[in-house]
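>>> Based on what follows, work out the 3D shape:
(chains A, B, C and D)
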Protein chains: 2
Amino acid sequence: MVPAKDSPTPAEWKVLRIVWERGECAARDVVEAGREEHGWSTSTVKTLLRRLVEKGHLKTRRVGNSFLYRPGRSTFAALRRAADDLLASAAQHTVGPLLAYLLRRSQLNAKELDELRSLLDEKEEDA
Amino acid sequence: MVPAKDSPTPAEWKVLRIVWERGECAARDVVEAGREEHGWSTSTVKTLLRRLVEKGHLKTRRVGNSFLYRPGRSTFAALRRAADDLLASAAQHTVGPLLAYLLRRSQLNAKELDELRSLLDEKEEDA
DNA sequence: ATCGTTCGTCTACATCTGTAAACGGAGGCT
DNA sequence: AGCCTCCGTTTACAGATGTAGACGAACGAT
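Residues are numbered from 1 along each chain as shown, chains lettered A, B, ... in the order given. Predicted structure coming up:
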């Protein structure tokens, strides 16, 4: 298995997200989404797809003369790494406000909110 | 006011963090920390400091023939922008797990935990 | 006054990233 | 059979980024 060492670049993340949101999909779908959401040309999207496959963030499945793309297992791992980088960028005294900011921005359902609450409780006990 | 449009690059973030942790400090301090923490040469650190000042993420104050560096007001704003980028990278169904991951990784004191709990409660009401 | 040390500035350059045109093969329509 | 269209592949290139040497001015000790 290819461990996907290289993190996606910002542009690659946008493609990754597009694929992630729709599950397995064809290049054409990504091209269309890329054009609408980011004004990208066909070639640009194709290049980004190729690089993501090379890096191991996307897997492909041949269908006829074309491919279907889907996120690899490493995709969420890459997101975690991006999260690590974000935390590493924050100074200790800014971590709290940073997390607060993230929580405010996020759309979460009741169940997710509950899980996060439990997490906070756990952490309280640890400390 | 300089709006610091360009986000820091990964390497620049590391420098920013160094300065952030110590408050106002001299290039020499950053050079030393950069060498210890990242194995950077003096020149590398100096280049990164310069670029950060150009971008408006660091402010300087002349003292004798050298400078003291400190984070600009835009520094935390840049961190928020990085947080936005992270959220934008996540697919909707991965946001919850992502936040959970971030919480687990973070060291937070009781007060910070409390504030986050309050935030979750607020969000619950909204929904 | 001199000389080594310390600073900031200028210059350099390989690699990565964003963005995209051009090309050649496969499939389908006429 | 011939042509249009769609697809993946190849090539291109400017600008950003990581990494760092070289240089000249100022400072401090002798």
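
>>> use CA for all of it now, contacts and neighbours both
Noted.

>>> interface residues of chain A facing DNA strand C?
Taking C-alpha under 7 Å from any atom of the strand as the criterion, chain A approaches DNA strand C at residues A:8-12, A:39-41, A:43-44, A:47-48, A:64-65.

>>> Quick check: ChimeraX command selecting the buried ones in those residues.
Selecting only the buried members of the residues of chain A next to DNA strand C in ChimeraX, with burial defined as 16 or more other C-alpha atoms under 10 Å in any protein chain shown, works like this:
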select /A:8,12,48
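
>>> how about a markdown table for the residues of chain A next to DNA strand C, with secondary structure and pLDDT added?
Below are the residues of chain A next to DNA strand C laid out as a markdown table (DSSP: H, G, I helix; E, B strand; the rest coil; pLDDT from 0 to 100):
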| residue | secondary structure | pLDDT |
| --- | --- | --- |
| A:Pro8 | coil | 97 |
| A:Thr9 | coil | 97 |
| A:Pro10 | helix | 97 |
| A:Ala11 | helix | 98 |
| A:Glu12 | helix | 98 |
| A:Gly39 | coil | 96 |
| A:Trp40 | coil | 97 |
| A:Ser41 | coil | 97 |
| A:Ser43 | helix | 97 |
| A:Thr44 | helix | 98 |
| A:Thr47 | helix | 98 |
| A:Leu48 | helix | 98 |
| A:Gly64 | coil | 87 |
| A:Asn65 | coil | 86 |
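
>>> low-scoring pLDDT stretches of chain A, where are they?
When residues are selected by pLDDT under 70, those of chain A lie in A:1-4.

>>> Identify the residues contacting the spatially closest residue to A:Leu58 that is not a sequence neighbour.
Setting aside the residues directly before and after it, A:Leu58 is nearest to A:Pro71 in space (C-alpha to C-alpha, 6 or more residues apart in numbering or on different chains), at 4.6 Å. A:Pro71 sits next to A:16, A:19-20, A:23-24, A:57-59 when contact means C-alpha atoms under 8 Å, 6 or more residues apart in numbering or on different chains.

>>> What of A:Val15?
So A:Val15 contacts A:30, A:34, A:45, A:48-49 (C-alpha under 8 Å, 6+ apart).

>>> which SSE is it in?
Element membership of A:Val15, judged by DSSP states H and E, is helix A:10-22.

>>> Next secondary structure after that helix?
Past helix A:10-22, heading to the C-terminal end, the next element that is a helix or strand (DSSP H and E) is strand A:25-26.

>>> for chain A, what spans make up the strands?
If DSSP state E is used as the criterion, the strands of chain A fall at A:25-26, A:58-63, A:66-71.

>>> and the last one, C-alpha only, in PDB?
Presented in PDB, the C-alpha positions along strand A:66-71 are these (Å, rounded to 0.1, in the frame of the first residue of the first chain):
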ATOM      1  CA  SER A  66     -12.300   5.900 -18.200                       C
ATOM      2  CA  PHE A  67     -11.900   5.900 -14.500                       C
ATOM      3  CA  LEU A  68     -13.900   6.300 -11.400                       C
ATOM      4  CA  TYR A  69     -12.200   8.100  -8.500                       C
ATOM      5  CA  ARG A  70     -12.700   7.600  -4.800                       C
ATOM      6  CA  PRO A  71     -10.900   8.700  -1.700                       C
END
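
>>> now the angle from it to strand A:58-63?
Relative orientation of strand A:66-71 with respect to strand A:58-63: 150 degrees, computed using axes from the mean of the first three to the mean of the last three C-alpha atoms, to 10 degrees.

>>> ok, the nearest residue to A:Val45 once chain neighbours are set aside - contacts?
Closest residue to A:Val45 apart from its sequence neighbours, by C-alpha to C-alpha, 6+ apart: A:Val31 at 5.7 Å. Applying C-alpha under 8 Å, 6+ apart to A:Val31 gives the contacts A:40-42, A:45-46.
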